[in-house]
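Visitor: Any chance you could fold what I've pasted below:
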Amino acid sequence: LGGISSLAISADGSRIYVTGTRDNTLVAFSRDTNTGLLTFLQVQKNTVNGIAGLGGATSVAVTHNIASPTNIYVASSTDNAITVFRRDPTQGELIFVGTYQNGVANITGMINVYGVTVSPDDRHVYAAIRGGVVALTRDLNTGALTFQGTYTGKATGISGFSGAPLAIKPDGSE
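Guide: Take a look at the predicted model:
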């Protein structure tokens, strides 16, 4: 967990996910919901066992709806990507779904991704990039992403987009 940069708790409170920027990792812990005690479960590392897109893992976000499949999204500043994992509902282990990277599958402007968040309705994923935001639509069944667009200060005429944190109101309105 060299260079811990972000952590997220699953909607049911039973898992914690942590990114290691220097080690290019995503680490999963189970969490006792009564005591808060953590138990190491698994580590996913960039370029190991076919995992791609965790270079400079900077941020992690988890879907909100406990009734649907749980997906974990990791922002990568080095790989200019968002990497997707699915939590196996019975064993709890992380399963690599795929990587969405700048310059691949018509994705543009997703450079130096340092933040990621999931909308409260789980329908969208947003990536914070230097000077803007990338919007993606999320498949509610698979967790797969579809690129919607890149919104930068230059394109919108809005200043102050440089290095700002990314957040969505709980009701999803902003």
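Visitor: Contacts only, for the one residue sitting closest to the centre of the chain.
Guide: In the chain, the centroid-proximal residue (CA atoms, centre = their mean) is residue 73; its distance is 2.4 Å. Neighbouring residues of residue 73 by CB atoms under 8 Å, 6 or more residues apart in numbering: 60, 61, 62, 82, 83, 84, 116, 118, 125. The C-beta positions use only the backbone N, C-alpha and C, and glycine is treated the same way.
Visitor: Dig out what it forms beta bridges with.
Guide: Counting by DSSP bridges, residue 73 is bridged to residue 61, residue 84.
Visitor: That one and residue 31, how far apart?
Guide: Relative to residue 31, residue 73 is positioned 19 Å away (CB to CB, to the nearest Å).
Visitor: now residue 116
Guide: For residue 116, the distance to residue 31 (CB to CB) stands at 21 Å.
Visitor: Of those two, which one has the most company?
Guide: Shown here are residue 116 and residue 31; by other CB atoms under 10 Å, residue 116 has more neighbours (26 against 18).
Visitor: what about that one, helix or strand, and which?
Guide: Per DSSP states H and E, residue 116 falls inside strand 115-118.
Visitor: Can you show me the strands along this structure?
Guide: Along the chain, the segments classed as strands by DSSP state E run 4-9, 15-20, 25-31, 38-45, 57-62, 71-76, 81-87, 94-101, 115-118, 124-129, 132-138, 145-152.
Visitor: excluding its backbone neighbours, what's nearest residue 149?
Guide: Spatial nearest neighbour of residue 149, excluding adjacent residues (CB to CB, 6 or more residues apart in numbering): residue 135 at 5.5 Å.
Visitor: so that neighbour makes contact with residue 152?
Guide: No. Using CB atoms under 8 Å, residue 135 is not in contact with residue 152, being 11.9 Å away.
Visitor: I'd guessed residue 141 sits against residue 69; true?
Guide: Yes. Residue 141 is within contact range of residue 69, at 6.8 Å (criterion: CB under 8 Å).
Visitor: out of these two, which sits in the busier spot?
Guide: Neighbours of residue 141 and residue 69, each counted by other CB under 10 Å, are more numerous for residue 69; the result is 17 against 8.
Visitor: which stretches of the protein aren't confidently modelled?
Guide: For the chain, the stretches with pLDDT under 70 are 1, 153-174.
Visitor: With distance to residue 107 as new columns, can the contacts of residue 73 be given to me in TSV?
Guide: Shown next, in TSV, are these (distance: CB to CB, whole Å):
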residue	distance to residue 107
60	20
61	18
62	22
82	9
83	13
84	13
116	14
118	18
125	12
